[in-house]
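**Q** what follows is a predicted protein model with its sequence.
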Amino acid sequence: MRSTKTVHVISAHAEGEVGDVIVGGVAPPPGDTIWEQSRWIAADNTLRNFVLNEPRGGVFRHVNLLVPPKDPAADAAFIIMEPEDTPPMSGSNSICVSTVLLDSGIVPMTEPVTEMLLEAPGGLVKVRAECNHGKAQRIYVQNLPSFAAQLDAPLEVEGLGTLSVDTAYGGDSFVFVDAAALGFALVPEEAHALAKLGVRITAAANEALGFHHPDNPDWRHISFCLFAGPVTREGNALRAGAAVAVRPGKIDRSPTGTALSARMAVLSARGQMGMGDTLTAVSLIGSTFAGQIVGETIVGGKPAILPEISGRGWITGTHQHMLDPEDPWPEGYRLSDTWGAQ
């Protein structure tokens, strides 16, 4: 086999969402911080195209690059590559990375609990993994500080009229819409319609509302639309359906950890969730992430929460992505049948 490059990957998913992990074959990108390294990858696009574009990737795939941490306290660092973004943080990807680190032996596992400190582009995240018989059974991630940005903001969407939406940050940026008000029951059969509409709503929100992270001036857009199901409560246990539309047009198979963090921030801002409560988010495939508020803080003068999310991850295989020197599509390709208009 001829190849001008070989990228070593351990594939994984977290509650249904693919989050592959590059463990070899790629040198760390330039940059003094993990955030700067992630900006270099986002601007350069060579690695993103190679692993995310067809024929090696697809609209369903997220890929994480392991890099040496910059913070001496961190056990490992990772850069997240999603179909359209190279974001500060991702819940499902952090669970995939943690699972790969422990289940593959890159970070030594201690049973029954292993604790790690991971460095994401957006900052440090604490990980606690319940481990048994050589397997990380459940991953708990203390996510980045999360906050509500705008509540009950009017948003005009062509064909829908004026919606009342929330915007929030949970390690990534969201616009929330009421799923039931738009006629959605959040069932698998609605995935295609949710994906197409969600991208339209995200685009409208970026144009009309925008987003500003007070501590990260580089992050100036809304990434996702969360179709938020109604919240039910039994004592301190809250539960809600969730479907997140990911650009350029798919639905997250997991309940989306950053969306769960952002929704807890919104519920906290409304006085509907506090310390001691838990929120379980349910995806279209029936998988769940659990969340709780473990602390409070301030971000840019705004009240914010310290969220902890948890879920399960599984390794699905190992791959060596190669490039034949005569391959006419060295960076792959995208077509609008699955990738949408480019």
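**A** Looks like it arrived, so ask away.

**Q** check contacts around the spatially closest residue to Asp71 that is not a sequence neighbour.
**A** Ranked by Cβ to Cβ, 6 or more residues apart in numbering and with sequence neighbours excluded, the top spatial neighbour of Asp71 is Glu119, at 5.3 Å. In short, each C-beta sits where N, CA and C put it, glycine included. Neighbour list for Glu119: Ile34, Pro69, Lys70, Asp71, Ala74, Ala76, Ala77, Phe78, Val125 [criterion: Cβ atoms under 8 Å, 6 or more residues apart in numbering].

**Q** for beta bridges, what are the partners of Glu119?
**A** Beta-bridge partners recorded for Glu119 (DSSP bridges): Ala77, Leu124.

**Q** one step back: okay, the contacts of Glu119 in a markdown table with neighbour count and distance to Ser254 next?
**A** Below are the contacts of Glu119 laid out as a markdown table (neighbours: other Cβ atoms under 10 Å; distance: Cβ to Cβ, whole Å):
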| residue | neighbour count | distance to Ser254 |
| --- | --- | --- |
| Ile34 | 27 | 23 |
| Pro69 | 17 | 25 |
| Lys70 | 16 | 28 |
| Asp71 | 14 | 27 |
| Ala74 | 17 | 24 |
| Ala76 | 19 | 21 |
| Ala77 | 23 | 22 |
| Phe78 | 29 | 17 |
| Val125 | 24 | 17 |
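
**Q** tell me which of those is nearest to Thr316?
**A** Thr316 lies nearest to Phe78 out of the contacts of Glu119, by Cβ to Cβ, at 17.8 Å.

**Q** for the closest one, give me its contacts.
**A** Neighbour list for Phe78: Val21, Asn64, Leu65, Leu66, Val67, Asn93, Ser94, Val97, Leu118, Glu119, Ala120 [criterion: Cβ under 8 Å, 6+ apart].

**Q** narrow those residues to those in helices?
**A** Asn93, Ser94, Val97 (DSSP state H).

**Q** about what we covered before: dump the contacts of Glu119 into TSV; add pLDDT and distance to Glu308 as well.
**A** Below are those laid out as TSV (pLDDT from 0 to 100; distance: Cβ to Cβ, whole Å):
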residue	pLDDT	distance to Glu308
Ile34	98	21
Pro69	98	21
Lys70	98	24
Asp71	98	20
Ala74	98	18
Ala76	98	19
Ala77	98	20
Phe78	98	19
Val125	98	10
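
**Q** dump these into CSV; add distance to Asn49 as well.
**A** Formatted as CSV, these follow (distance: Cβ to Cβ, whole Å):
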residue, distance to Asn49
Ile34, 21
Pro69, 26
Lys70, 25
Asp71, 29
Ala74, 28
Ala76, 25
Ala77, 22
Phe78, 19
Val125, 27
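
**Q** farthest pair within those residues?
**A** Going by Cβ to Cβ, the pair spanning these furthest: Lys70 and Val125, at 14.1 Å.

**Q** any low-confidence regions in the stretch 201-342 of the chain?
**A** 341-342 (pLDDT under 70).

**Q** same thing but at 90, please
**A** 302, 340-342 (pLDDT under 90).

**Q** strands of the stretch 101-250 of the chain, start to end?
**A** 113-120, 123-132, 135-142, 147-157, 161-169, 173-178, 224-228, 232-234, 237-246, 250-251 (DSSP state E, counting those that start in this stretch).

**Q** hmm, who's touching the second one?
**A** Okay, so that is strand 123-132. 71, 73-74, 88-89, 94, 98, 102, 109-119, 136-144.

**Q** buried ones among those?
**A** 74, 88-89, 94, 98, 102, 109, 114, 116-119, 136, 138-144 (16 or more other Cβ atoms under 10 Å).

**Q** quick one: buried residues of stretch 123-138?
**A** Gly123, Leu124, Val125, Val127, Arg128, Ala129, Glu130, Cys131, Lys135, Ala136, Arg138.

**Q** now, among those, which is nearest to Pro214?
**A** Gly123 (13.8 Å).

**Q** how about Ala208: what's its closest non-neighbour residue?
**A** Here the residue nearest Ala208, using Cβ to Cβ, 6+ apart, is Leu155, at 5.8 Å.

**Q** now Glu15
**A** Ser287 (3.7 Å).

**Q** and that neighbour, how many residues sit next to it?
**A** By other Cβ atoms under 10 Å, the residues close to Ser287 number 19.

**Q** repeat for Gly300
**A** Gly300, neighbours per other Cβ under 10 Å, totals 12.

**Q** residue contacts, it?
**A** His213, Pro214, Asp215 are the contacts of Gly300 under Cβ under 8 Å, 6+ apart.

**Q** distance check, the last one against Gly58.
**A** What it means is Asp215. Here the criterion is Cβ to Cβ, to the nearest Å. By it, Asp215 lies 34 Å from Gly58.

**Q** helices of this structure, start to end?
**A** 34-44, 46-52, 91-103, 191-208, 257-269, 336-339.

**Q** how about those helices, which one is nearest Leu226?
**A** Judging the helices of the chain by Cβ to Cβ, what sits closest to Leu226 is helix 257-269, at 4.8 Å.
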